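Student: Structure, please.
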Amino acid sequence: MGAGGGGRDGLTAPSLISACAGGSPLPSYSLAGAAAGRRGVLKVPHSTRGVRHAPSPHAAGPAAAAAGAGTARDFQNAPYSLLRMPDNTTRAQRDDRPEESRRVRLSRTFDEDAELYDRARPGYPPELYDDLAELAVAGPGSRVLEVGCGTGQATVPLAARGCRITAVEAGPSMAAVARRNLAGTAGVEVVTAEFESWPLPQEPFDAVVSATAFHWIDPAVRVSKAADALRPGGALAVVRTQHVRGGTEDFFAEVQHCYERFDPETPPGLRLPAAADVDGSEHAREVARSGRFGPAVFRRHERDLTYTTAEYLELLRTYSGHRALPDPARNGLLGSIGDLIDGRYGGRVTKRYLIELGVSYKR
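Tutor: This next block holds a predicted model:
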């Protein structure tokens, strides 16, 4: 369900004094104003391409990459650039690994305000869909099963590229917004169901795609059921996102005090990892253990998005960890973060994301 940011945001904590920790007073920030804020233009600095993986032997080649030019609604007319990252996928802890004891409960928080989720969550860059086409995952006529479509952040651009999609979403409200966003789009069906218990159709799919949602599916069945859904040679494509070092780095260091103050489960001294240090090996090992797929092929991009105070607080309100806090703690946390952005960062902050695509082909 497009549940990227399931962990807390703002995870760094050197010894800085801020209003969150009782420092100099800052202007009071209205959460009502945050809810009414208008999403602005997404901005990133200039960047260059890094190392590119060799194409998979299953790849359809440049023609497939060129086919279709659909882009996500969130990126229309928005200037940005992307950095293709090298395949260094080890070392740093990820923030998209929910504790198993909390996984189901946290996964249900997204459906509480599907309209907010649809408004605040960014989509994915066109380069990601170029990767999917190049790796023979999603192109014109491809029969795609999307697991956890959310409100359609990936479904809309996949449909624009000519895919025939069955999108399975557990949240009734999220699924309803996805249907609205896809109204009039041919070849797309949104099914309200939990993937774990949804009966697979007899005809196999060319690809199973899950964008920032696979970690919310029961790990005991997610890979094996994806394999069951695929034809031989079909692709399992899992997109994961991670908040990484970059953007307004001083803010993400200072804001850690807010989390330590309002969320007692926040470990002190957390620091954001560099993108190259983020561990992507767990997914590859999980898929390999199933014995049903070949080795995973990875593609990685970095992206910076700039938010106003109101936009950033709306984004935080879509994250499961923030939604699960008691109301007084959540309101205090968001209020203090809003004060910090307005008082010390001119009402705007830039967040850096790592977007990682892992593709494995069924044996």
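Student: Please count neighbours and contacts with C-alpha atoms only from this point.
Tutor: Fine.
Student: remind me which residues of the protein are low pLDDT?
Tutor: Residue ranges of the chain with pLDDT under 70: 1-110.
Student: again, 90 this time
Tutor: 1-113, 136-138, 215-216, 264-271, 279-281, 318-326 (pLDDT under 90).
Student: Give me the buried stretch members for the helix ranked longest in it, please.
Tutor: What stands out as the longest helix in the chain, according to DSSP state H, is helix 327-344. By neighbour count on 16 or more other Cα atoms under 10 Å, the buried set for helix 327-344 is 329-343.
Student: tell me which of those is nearest to residue 259?
Tutor: Checking those against residue 259 by Cα to Cα gives residue 333 as the nearest, at 6.7 Å.
Student: Roughly how far does the closest one sit from residue 306?
Tutor: 20 Å (Cα to Cα, to the nearest Å).
Student: cool, and residue 125?
Tutor: 15 Å.
Student: could you pull out the helices for the stretch 51-200 of the chain?
Tutor: All helices of the stretch 51-200 of the chain, identified by DSSP state H, counting those that start in this stretch, fall at 62-66, 100-107, 114-120, 126-134, 155-160, 172-181.
Student: So which of these is nearest residue 210?
Tutor: helix 155-160 (10.0 Å).
Student: Point out the other elements, helices or strands, that that closest one touches.
Tutor: strand 164-169 (3 or more Cα pairs under 8 Å, 6 or more residues apart in numbering; DSSP states H and E).
Student: Give me the angle between the strand it packs on and helix 172-181.
Tutor: Between strand 164-169 and helix 172-181, the angle comes out at 150 degrees (axes from the mean of the first three to the mean of the last three Cα atoms, to 10 degrees).
Student: Can you pull out the residues in contact with strand 164-169?
Tutor: Contact partners of strand 164-169, identified using Cα atoms under 8 Å, 6 or more residues apart in numbering, comprise 1, 141-150, 155, 159, 175, 187-195.
Student: if we go to 6 Å?
Tutor: 142-149, 175, 187-193 (Cα atoms under 6 Å, 6 or more residues apart in numbering).
Student: Please list the members of those that lie in strands.
Tutor: 143-147, 188-192 (DSSP state E).
Student: Dump the residues you listed into TSV; add distance to residue 117 as well.
Tutor: What follows is those, written out as TSV (distance: Cα to Cα, whole Å):
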residue	distance to residue 117
143	27
144	23
145	22
146	18
147	17
188	21
189	20
190	17
191	19
192	17
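Student: How much space separates residue 264 from residue 193?
Tutor: 35 Å.
Student: Tell me where the stretch 201-350 of the chain has strands.
Tutor: 205-211, 230-244, 297-308, 348-361 (DSSP state E, counting those that start in this stretch).
Student: For those strands, please prepare JSON lines with the additional fields distance to residue 113 and mean neighbour count.
Tutor: Shown next, in JSON lines, are the strands of the stretch 201-350 of the chain (distance: least, Cα to Cα, whole Å; neighbours: other Cα atoms under 10 Å):
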{"stretch": "strand 205-211", "distance to residue 113": "19", "mean neighbour count": "26"}
{"stretch": "strand 230-244", "distance to residue 113": "21", "mean neighbour count": "23"}
{"stretch": "strand 297-308", "distance to residue 113": "20", "mean neighbour count": "22"}
{"stretch": "strand 348-361", "distance to residue 113": "23", "mean neighbour count": "22"}
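Student: Ok, which of those comes nearest residue 272?
Tutor: strand 230-244 (5.5 Å).
Student: what lines up beside that closest one in the sheet?
Tutor: strand 205-211 (parallel), strand 348-361 (antiparallel) (DSSP bridges).
Student: what angle sits between the shortest one and strand 143-147?
Tutor: Read it as strand 205-211. Using the same axes, to 10 degrees: strand 205-211 against strand 143-147 is 30 degrees.
Student: what's the answer for the last one, then?
Tutor: Orientation check (the same axes, to 10 degrees): strand 348-361 against strand 143-147 gives 130 degrees.
Student: Just the CA trace of strand 348-361, in PDB.
Tutor: Only the C-alpha atoms of strand 348-361 are listed here, as PDB (Å, rounded to 0.1, in the frame of the first residue of the first chain):
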ATOM      1  CA  ARG A 348      11.300  24.900   4.000                       C
ATOM      2  CA  VAL A 349      13.300  21.700   4.300                       C
ATOM      3  CA  THR A 350      14.700  19.200   1.800                       C
ATOM      4  CA  LYS A 351      14.600  15.500   2.300                       C
ATOM      5  CA  ARG A 352      16.700  13.000   0.500                       C
ATOM      6  CA  TYR A 353      15.200   9.600  -0.500                       C
ATOM      7  CA  LEU A 354      16.800   6.500  -1.800                       C
ATOM      8  CA  ILE A 355      14.600   4.500  -4.100                       C
ATOM      9  CA  GLU A 356      15.700   0.900  -4.600                       C
ATOM     10  CA  LEU A 357      14.300  -1.500  -7.200                       C
ATOM     11  CA  GLY A 358      15.000  -5.200  -6.800                       C
ATOM     12  CA  VAL A 359      13.900  -7.500  -9.600                       C
ATOM     13  CA  SER A 360      14.000 -11.300  -9.500                       C
ATOM     14  CA  TYR A 361      12.900 -13.700 -12.300                       C
END
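Student: So which of the strands paired with strand 230-244 is nearest residue 277?
Tutor: Here strand 348-361 is closest among the strands paired with strand 230-244 (Cα to Cα), at 10.9 Å.
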